[in-house]
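Colleague: This is a predicted model, with the sequence first.
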Amino acid sequence: QVQLVESGGGLVQAGGSLRLSCAASGIIFSINIMGWYRQAPGKQRELVATITSGGSTNYADSVKGRFTISRDNAKNTTYLQMNSLKPEDTAVYYCNADRVRVPSPGYRYLEVWGQGTLVTVSS
């Protein structure tokens, strides 16, 4: 089975920085898209940023210029560098891996979610 393990969440003051990491484990041929989503209390889960295996990125308007997503394809790991954090960035951040190619026999594709890591930004 494929699992995603996130790390790096915590408490930070407004204006500060945090770096989230997400590593995929299991027998994996490839991962097309890796991304980060977040869910604040009482709100729906929303896209933060995604990155393809080729390095193309996509960001929510609310984080453009402040957050940077990157990935290491050899390690099946993605990172989210968050700068100039605001109290409204407070949420549980979830890692997502889409079109994960795994053996089945032959192969099949999965979508996998991490368990989430809490980011709290104090004012």
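Modeller: Yep, that arrived.
Colleague: For the longest strand along the chain, enumerate the helices and strands it packs against.
Modeller: Secondary structure of the chain per DSSP state E: the longest strand is strand 91-102. Applying 3 or more Cβ pairs under 8 Å, 6 or more residues apart in numbering; DSSP states H and E, we find strand 91-102 packed against strand 3-7, strand 18-25, strand 30-39, strand 108-113, strand 117-122. (Each C-beta comes from the backbone N, C-alpha and C, glycine too.)
Colleague: From the centroid of this protein, which residue is nearest?
Modeller: Nearest to the mean C-alpha position of the chain, counting by Cα atoms, centre = their mean, stands Trp36 at 2.8 Å.
Colleague: in the sheet, who's paired with that residue?
Modeller: Judged by DSSP bridges, the bridge partners of Trp36 are Ala49, Cys95.
Colleague: Comparing the helices and strands packed on strand 91-102, which comes out most buried?
Modeller: Across the helices and strands packed on strand 91-102, averaging neighbours per residue (mean count of other Cβ atoms under 10 Å) puts strand 30-39 on top, at a mean of 20.
Colleague: how about the CA coordinates for it, as PDB?
Modeller: Written as PDB, here are the backbone C-alpha positions of strand 30-39 (Å, rounded to 0.1, in the frame of the first residue of the first chain):
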ATOM      1  CA  SER A  30       5.700   7.100 -10.500                       C
ATOM      2  CA  ILE A  31       3.600   9.900  -9.100                       C
ATOM      3  CA  ASN A  32       2.100  12.400 -11.600                       C
ATOM      4  CA  ILE A  33       0.800  15.200  -9.300                       C
ATOM      5  CA  MET A  34       1.700  15.900  -5.700                       C
ATOM      6  CA  GLY A  35       0.000  18.700  -3.800                       C
ATOM      7  CA  TRP A  36      -1.100  20.400  -0.600                       C
ATOM      8  CA  TYR A  37      -4.600  21.100   0.500                       C
ATOM      9  CA  ARG A  38      -5.800  22.700   3.700                       C
ATOM     10  CA  GLN A  39      -8.900  22.800   5.800                       C
END
